[in-house]
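**Q** following is a predicted model, sequence given first.
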Amino acid sequence: MRAFVDKEVTPHVAEWEAAGRIPRSFWKRLGELGFLGLEFPTEFGGAGGDFLASIVLGEEMARCRSGGVAFSVLVHTDMSSPWLTRYGTEAQQRKYLPGIVAGETVCALGITEPGTGSDMAALTTRAVRHGDVYRITGSKTFITNGVYGDLYFLAARTGSGTAQRRHEGISMFLVERGLPGFTVSRKLDKTGMRASDTAELAFQDCPVPAENLLGVEGRGFQQLAAGLQRERTMAAVLALAAASQALEDTVAYLRERHAFGEPLAQRQALRHRIADLATDLEAARALVYHAAMLYAAGEECVKEVSMAKLFATEVANRVAYQAVQMHGGYGYMREFPVEGFARDVRLWTIASGTSEIMREIIARRIFE
């Protein structure tokens, strides 16, 4: 996997960052190599592996020096399509999984709405049953792979819910591109993650076949919550691995750059700063791997995953600040990878649950 990233991904990231998207040929190449179905059943073209294989995928993709490329891939492999194997019917799996594994069907996850942010229970997109279809009306935003995706794992409200139990009445649907009433209302222009396409989606009386209900009607919130620990673990993995690469790049720069007659690597102030960051990253790695092992074993891990996500993403942002600082003026130039890393990594204390939400989850587990 590392060899693939070094030879077939990293050389193209500048082009993909400039284009604001990943070419279709890249997805199909990932499918050819078996990277899109590491945990999926072999009968659908998957490798039948485990969650730790996906951790390796996340780590190696994040080393390509484009957060957008890594994020897009992991949204497809770990933040959307696993719900199909967990809650999908056999007919749904047979219909969609082969294309997902082959890289012919790109997946996106549609939860966040304008004005709701991390409050998943506040969504207002509605799905009303009319015979053999659900008619969906509403909007979604910040949807990675949203502009050029093919299959959207969409959350919508099928019941009323109450002020006290807002999570009730939410359902999940498999929504295909091209349905009438479904439009990509705009492609969002982001600070970082430039290679990942991010969209605002609009649904106006969009007819989704009833057979595309994913899981049990009204249990979508619980289904989403069950997958959040996986998503947050992978977010921590992407931040951690990218930060590790950025630190390696910074060390290489300090070895090569001379000032006042000697390499910057000989300056104690900078050496000690590197030592502190390396220690923080190693501590973050231990937290992330511990959370991943708990999740892989099927154990309760909400607190541990929240700690890993909080600490790893905050550390990664500290690495970004110091990496740019230690590069001096060159750290502000786009020709140096740390400049892009600093823009990309800023997302990770926000996406998949903000640092503030992670602290609240941890606090609740402590004070319960």
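**A** Thanks, I have it. Residues are numbered from 1 along each chain as shown.

**Q** low-confidence ranges in this structure?
**A** Within the chain, the segments meeting pLDDT under 70 span 161-166.

**Q** can you give the distance of stretch 343-351 from its chain's centre?
**A** Its chain's C-alpha centre and that of stretch 343-351 lie 11 Å apart, by Cα atoms, centre = their mean, to the nearest Å.

**Q** most remote residue from the middle of the chain, which is it?
**A** Farthest-out residue of the chain from its mean C-alpha position, per Cα atoms, centre = their mean: Gly261, at 44.2 Å.

**Q** contacts only, for that residue.
**A** When the contact criterion is Cβ atoms under 8 Å, 6 or more residues apart in numbering, Gly261 has no partners at all. Glycine gets a C-beta too; all of them are placed from N, C-alpha and C.

**Q** before we move on, what about Met234?
**A** Ser54, Ile55, Gly58, Leu74, Asp78, Met79.

**Q** skipping adjacent residues, who's closest to it in space?
**A** Asp78 (4.8 Å; Cβ to Cβ, 6 or more residues apart in numbering).

**Q** where do the strands of this protein begin and end?
**A** According to DSSP state E, the chain carries its strands in the segments 107-110, 126-130, 133-144, 151-157, 170-176, 182-187, 198-209, 213-214, 258-259, 262-263.

**Q** okay if I get those strands as TSV plus mean neighbour count and distance to Arg364?
**A** Listed next are these as TSV, based on neighbours: other Cβ atoms under 10 Å; distance: least, Cβ to Cβ, whole Å:
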stretch	mean neighbour count	distance to Arg364
strand 107-110	26	25
strand 126-130	16	30
strand 133-144	21	25
strand 151-157	26	23
strand 170-176	24	21
strand 182-187	16	36
strand 198-209	20	30
strand 213-214	22	28
strand 258-259	10	49
strand 262-263	12	49
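
**Q** who wins for proximity to Glu368 among these?
**A** Taking Cβ to Cβ, strand 170-176 is the member of those nearest to Glu368, at 24.1 Å.

**Q** now do that closest one: distance to the chain's middle.
**A** 19 Å.

**Q** what are the contacting residues of it?
**A** 83-84, 87-88, 92, 96, 110, 121, 123, 127, 134, 136, 150-159, 161, 182, 206, 208, 212-221, 223-224.

**Q** do me a favour and get the end-to-end distance for stretch 9-28?
**A** 13 Å (Cα to Cα, to the nearest Å).

**Q** could I get the strands of the chain as a markdown table with distance to Thr279?
**A** What follows is these, written out as a markdown table (distance: least, Cβ to Cβ, whole Å):
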| stretch | distance to Thr279 |
| --- | --- |
| strand 107-110 | 34 |
| strand 126-130 | 49 |
| strand 133-144 | 32 |
| strand 151-157 | 38 |
| strand 170-176 | 41 |
| strand 182-187 | 40 |
| strand 198-209 | 34 |
| strand 213-214 | 43 |
| strand 258-259 | 25 |
| strand 262-263 | 22 |
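
**Q** next, Val216: phi, psi?
**A** Main-chain dihedrals, Val216, degrees, to the nearest 10: phi -100, psi 130.

**Q** ok, it to Gln222 distance?
**A** As defined by Cβ to Cβ, to the nearest Å, Val216 lies at a distance of 9 Å from Gln222.

**Q** same check on Ala70?
**A** Distance from Ala70 to Gln222, by Cβ to Cβ: 29 Å.

**Q** ditto for Tyr148
**A** 30 Å.

**Q** Gly117 too?
**A** 20 Å.

**Q** which residue ranges of the stretch 51-200 of the chain form helices?
**A** For the stretch 51-200 of the chain, the helices defined by DSSP state H, counting those that start in this stretch cover 51-62, 67-77, 82-87, 90-102.
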